[in-house]
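**Q** Provided below for reference: sequence and predicted model.
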Amino acid sequence: IPILLIVRNTGTGTTSPFTGLDLITPSGFGLEFWLAMQYGTARSIGLKDQKFLELESSHFNFPADVPDCDAGLNEFKEEYINLQEKYIRRPHNRRVKYWSSLSIKYPFTFQFSELSHDWLENSGFQGTPYVIRDRRTLLTIDKWLAGRGPMPE
């Protein structure tokens, strides 16, 4: 049986929650491998659990945490379609009235372009905004904002 085994290792001697294996099997063999691994004391998580794990440990989850790239936009569109279909399947009297009750304009999506446009318009900022993803730079800015470090360059 051809399988693809992807090793995720964060280094020797580390006990990171991201150290592990991804096993990709051909169609039709997933259940057998799943049962064998579960009986062999393997620990498995799904994509939703992996996203929560990455969130709790301050790691970016590509493409969900990168909304300004094409892959992130496609991820948001797919999630939007799934959430809207789930909402439409509910009976009309059981649906949450997002706008009339909660004043939520976009309940299933993030309108980043509209938010950034409003923020830039209200602040009077004239430059071009950009996203900082470098962890060291973000930590330096965080320390500066908390008053524990010098102003970043």
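**A** Arrived safely.

**Q** The closest residue to residue 64 other than its chain neighbours: which element?
**A** Excluding its sequence neighbours, the residue lying closest to residue 64 (C-beta to C-beta, 6 or more residues apart in numbering) is residue 75, at 5.4 Å. For the C-beta atoms, the positions are set from N, CA and C on the backbone; glycine is no exception. For residue 75, the host element (DSSP states H and E) is helix 70-89.

**Q** for residue 22, helix, strand, or coil?
**A** Look at residue 22: counting by DSSP: H, G, I helix; E, B strand; the rest coil, its state is strand.

**Q** Run a quick neighbour tally on it.
**A** Residue crowding around residue 22 was assessed by other C-beta atoms under 10 Å; the count is 9.

**Q** Going along the chain, name the strands of this structure.
**A** 4-8, 20-24 (DSSP state E).

**Q** got CSV for these, with mean pLDDT and distance to residue 54 too?
**A** Shown next, in CSV, are the strands of the chain (pLDDT from 0 to 100; distance: least, C-beta to C-beta, whole Å):
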stretch, mean pLDDT, distance to residue 54
strand 4-8, 83, 12
strand 20-24, 81, 13
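
**Q** which outside residues touch the lowest-mean-pLDDT helix or strand in the chain?
**A** Here the helix or strand of the chain ranked lowest by mean pLDDT, DSSP states H and E is helix 112-123, holding a mean of 77. The contact list for helix 112-123 (C-beta atoms under 8 Å, 6 or more residues apart in numbering) reads 67-68, 129.

**Q** at 6 Å instead, please
**A** Helix 112-123 is contacted by residues residue 67 when judged by C-beta atoms under 6 Å, 6 or more residues apart in numbering.
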